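[1] Return atomic coordinates for the entry below.
(chains A and B)
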Amino acid sequence: MNINQRIATVLLTSRIRQLLVAVLSVTFGISMYIAMNGFMAGVNNVQTEMTFTAMPHLKVYNDLANEVEAILPPPSDSQTVLIVNNARNIRYTEGIRNATAIKTAVRDLDRVMGVTTQLNENVFIRNGVSRVSATLSGIQTQSEDQLFRTTEYLTEGDLFELDRRANGIILGTGLARRIGVGMGNNVTVSTSEGLSKTFKVIGLIETGAQSADRTRALVSLQTAQQLFSKNKNYATEVLVNLHDFDEAREVAAQIAPLTTYKVEAWQEGNGQRDSANVLRNSIAIAVSLTILIVAGFGIYNIMNMTVNEKIKEIAILKAMGFNGGDVIEIFLAQSVAIGLLGGFTGLGLGYLIVCIIDRVPFDLGSISTLPMQYSATDYLLAFSFGLIITFLAGYLPARKASKIDPVAILRG
Amino acid sequence: MTALSVQQLHKHFYEPVPFHVLRDLSFNIEAGEFVSIMGKSGSGKSTLLYLLSTLDTDYEGQITINGTSLTGLAQNQLARFRNEHIGFVFQFHFLLPEFSVLENVMLPALKLRKQSRERIEARALELLYLLDLKGQEYKKASRISGGQQQRVAIARALINEPAIIMGDEPTGNLDSVNTKIVFDIFRQLARERGQTIIAVTHDDEFAANCDRIIELSDGMLV
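    The predicted structure is shown next:
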């Protein structure tokens, strides 16, 4: 330890209470930064997870063509008048005919995590007199579970039972309540073409997304294909999940040439989820930075007071041959020490708060405690912001101290 | 040998009103001389001392200490020069109250870093014994009497074996007993160690026993 650091240490430790206040303000700022950002990231993760319980990152389906060829060529001369009445863009085909081929092609792409096919149709589900409309999804249980972790959302029954029982059906909890059925009861499913079939409820599912839970019914893909008299390559949608959902647009562009059907990334029509995440993150960062800056003002204040209190000692140090740089070092070392002390205790306290929040009970859908993300980056950023702010807060008073004119002070 | 030489020194104050404080001072001080600067209040004697000590650099003329011309040097060079060649004793002791007596004495030498910590400590103890401060070494500087504090300040001024010790009313705050002790120390340092000492003082008795008196009146030598 050189003489400047020794002086800094003595000056700092001679005022334990002020030191404590300054350190605590940094500690508080840094721990809040960590806790708030961890919590917000946790909330974002849960939101994302909920969004993707029913929605894939990418979807291939049969859509109306966007560009329609003109029915007749435009007239070649000005003497001819062309009138087309009541032109319509008609979809000639239903669903995807070669779903299996598309699935196989997409599955081999690098960034793809999983692919599944679904056959979705609107149906009526009846139990005695109560009749409600629902969306019947024929699913491939294995790949469906891989994409959406469907088994985790089953409150009763077993997803894979669908493969073993052709007359098995899984209902959303809201849907089951609406028609008043429970496990083991029978329901009748009627298609829009008038076909009816009786199914047995072998499971209940609750994702937390109300609208889905009130209308969703799952059967196996084969059962659905039979019900709607389709062949085994038929599906209405091919659903794709990626390793990184932020790459959805790029992968969509990569898949588009493989098929004539519409390929849609999740961002289309879900922009609000993205902006909500950005907003939450900005609020968390703004609030925690504000706390850190307030801590910075506190340190600035304390260091300024110290400089004023020690103005005679500074003058005598300068008279004895300490130069401006030494004086800056002496006072800057004090605030950096405050920053480091506050930084390390702040990291500890931050981790503690994070652990506590993570254990607060909070029941919603698939989560049972408040969401929390553990991210090393947050800790690193909090620590460096804390250091930068204490450095700045200490530098200004230190510079002021270095500019003290010893003659003015020593002459009184 | 000339310890300090001043040529055609002028000093102006511009605040609050323009004032010509020092007018064309020229004098030499030989090594080992014990000189006091006297004069009425406002005669410019303290101003002169701060110019000589390089703390105040706003002047016209030429100041040379131990053969080194100090006029026009940068602040950091001057700080280094003060550290090595000038010892200060002020009216008020200006010790760092949080440090022990011993550490206060060692500070300028630790800054200079020409010797190891052990040698500095040994020398500081030697000086404290010389100034009759045995037994006070490890006390806080704020816990000893005013006369003792002033002697600690003298020990601190001596630690780097400076060319000149400058005192600004070094006995101004002391009772007559301590004044005599401090004066005797200065006297002894000049006579036995050949230490050059320049002290601003009001005290006629103090001045009368010096080797030489530089008397200022209205910014001029008398």
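
[2] Can you name the residues of chain A sitting close to chain B?
    Contact residues, chain A versus chain B (CB under 8 Å from any CB of the partner chain): A:3, A:6-7, A:10-11, A:14, A:312-313, A:315-326, A:406-407, A:410-411. Every C-beta, even on glycine, is put in place using the N, C-alpha and C of the backbone.

[3] how about 10 Å then?
    A:2-4, A:6-7, A:9-15, A:310, A:312-313, A:315-327, A:405-412 (CB under 10 Å from any CB of the partner chain).

[4] Name the helix or strand for the residue positioned nearest the centre of chain B, please.
    Centroid check for chain B by CA atoms, centre = their mean gives B:Met166 as the closest residue, at 1.7 Å. Using DSSP states H and E, B:Met166 falls within strand B:164-168.

[5] Does chain A have contacts with that strand?
    Yes. Interface with chain A: strand B:164-168 contributes B:Met166, B:Asp168 (CB under 10 Å from any CB).

[6] For B:Ser53, what are phi and psi?
    Per-residue torsions, B:Ser53: phi -80, psi 0 (degrees, to the nearest 10).

[7] OK, contacts around it?
    A:319, A:406-407, A:410, B:63, B:65, B:70, B:78, B:82, B:86-88, B:164, B:166, B:168, B:198 (CB atoms under 10 Å, 6 or more residues apart in numbering or on different chains).

[8] For the residue nearest to A:Lys103 when sequence neighbours are not counted, give its distance to chain B.
    Closest residue to A:Lys103 in three dimensions, ignoring its sequence neighbours and counting by CB to CB, 6 or more residues apart in numbering or on different chains: A:Val115, at 4.9 Å. As for A:Val115, its distance to chain B is 71 Å (criterion: CB to the nearest CB, to the nearest Å).

[9] For A:Val115, which three-state class applies?
    strand (DSSP: H, G, I helix; E, B strand; the rest coil).

[10] Could you give the residue of chain A that lies closest to chain B?
    Nearest residue of chain A to chain B, counting by CB to the nearest CB: A:Gly321, 2.3 Å away.

[11] mind checking how far that residue is from B:Thr54?
    Counting by CB to CB, to the nearest Å, the gap from A:Gly321 to B:Thr54 is 10 Å.

[12] got it, and B:Ile164?
    11 Å.

[13] can you map out the helices along the stretch 251-400 of chain A?
    Here the stretch 251-400 of chain A has its helices, by DSSP state H, counting those that start in this stretch, at A:271-309, A:311-320, A:324-359, A:376-402.

[14] actually chain B, not the one I wrote
    Per DSSP state H, chain B carries helices over the ranges B:45-52, B:75-85, B:101-112, B:117-130, B:146-158, B:176-193, B:204-208.

[15] now the fourth one: mean pLDDT?
    So the one you mean is helix B:117-130. Average pLDDT, helix B:117-130: 92.

[16] Show me what that helix packs onto, helices and strands only.
    helix B:101-112, helix B:146-158, helix B:176-193 (3 or more CB pairs under 10 Å, 6 or more residues apart in numbering or on different chains; DSSP states H and E).

[17] Kindly recompute the last result at 8 Å.
    helix B:101-112, helix B:146-158 (3 or more CB pairs under 8 Å, 6 or more residues apart in numbering or on different chains; DSSP states H and E).

[18] would you turn those into CSV with distance to chain A, mean neighbour count and mean pLDDT?
    Formatted as CSV, those follow (distance: least, CB to the nearest CB, whole Å; neighbours: other CB atoms under 10 Å in any protein chain shown; pLDDT from 0 to 100):
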stretch, distance to chain A, mean neighbour count, mean pLDDT
helix B:101-112, 4, 23, 92
helix B:146-158, 8, 24, 90
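
[19] Quick one: closest of the ones you listed to A:Ile125.
    helix B:101-112 (88.6 Å; CB to CB).

[20] re earlier: give me the common contacts of A:Gly321 and B:Thr54.
    B:Phe81, B:Arg82 (CB atoms under 8 Å, 6 or more residues apart in numbering or on different chains).

[21] can you put the helices of the stretch 251-400 of chain A in JSON lines and add mean neighbour count and mean pLDDT?
    Output for these, formatted as JSON lines (neighbours: other CB atoms under 10 Å in any protein chain shown; pLDDT from 0 to 100):
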{"stretch": "helix A:271-309", "mean neighbour count": "17", "mean pLDDT": "85"}
{"stretch": "helix A:311-320", "mean neighbour count": "22", "mean pLDDT": "89"}
{"stretch": "helix A:324-359", "mean neighbour count": "20", "mean pLDDT": "93"}
{"stretch": "helix A:376-402", "mean neighbour count": "20", "mean pLDDT": "91"}
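
[22] Can you tell me which of those helices is nearest to B:Ala157?
    helix A:311-320 (8.7 Å).

[23] check contacts around the nearest residue to B:Thr68 once chain neighbours are set aside.
    Closest residue in space to B:Thr68, ignoring its immediate chain neighbours: B:Phe81 at 7.0 Å, by CB to CB, 6+ apart. Going by CB under 8 Å, 6+ apart, B:Phe81 touches A:Gly321, B:Thr54, B:Ile65, B:Thr68, B:Leu70, B:Leu73.

[24] same thing but 10 Å
    By CB under 10 Å, 6+ apart, the neighbours of B:Phe81 are A:Gly321, B:Thr54, B:Ile65, B:Asn66, B:Thr68, B:Leu70, B:Leu73, B:Ala163.

[25] Any idea what the residue nearest to the centre of chain B is bridged to?
    Note on B:Met166: beta-bridge partners by DSSP bridges are B:Phe88, B:Ile198.

[26] Run through the bridge partners of B:His10.
    B:Glu60.

[27] Correct me if wrong: it contacts B:Glu60.
    Yes. Using CB atoms under 10 Å, B:His10 is in contact with B:Glu60, at 4.3 Å.

[28] Which residues are in contact with each of the two?
    Common neighbours of B:His10 and B:Glu60, using CB under 10 Å, 6+ apart, are B:Leu22, B:Asp24.

[29] Now for residue 40, how many residues are close by?
    You didn't say which chain, so I picked chain A. The local packing of A:Met40 (other CB atoms under 10 Å in any protein chain shown) involves 24 other residues.

[30] try chain B instead
    12.

[31] Nearest residue to it in space, please, no chain neighbours.
    In space, B:Lys40 is closest to B:Ser217, 7.1 Å off (CB to CB, 6+ apart).

[32] for that neighbour, what are its contacts?
    By CB under 10 Å, 6+ apart, the residues touching B:Ser217 are B:Met38, B:Gly39, B:Lys40, B:Ser43, B:Gly44, B:Lys45.

[33] Please consider this matter closed, and thank you.
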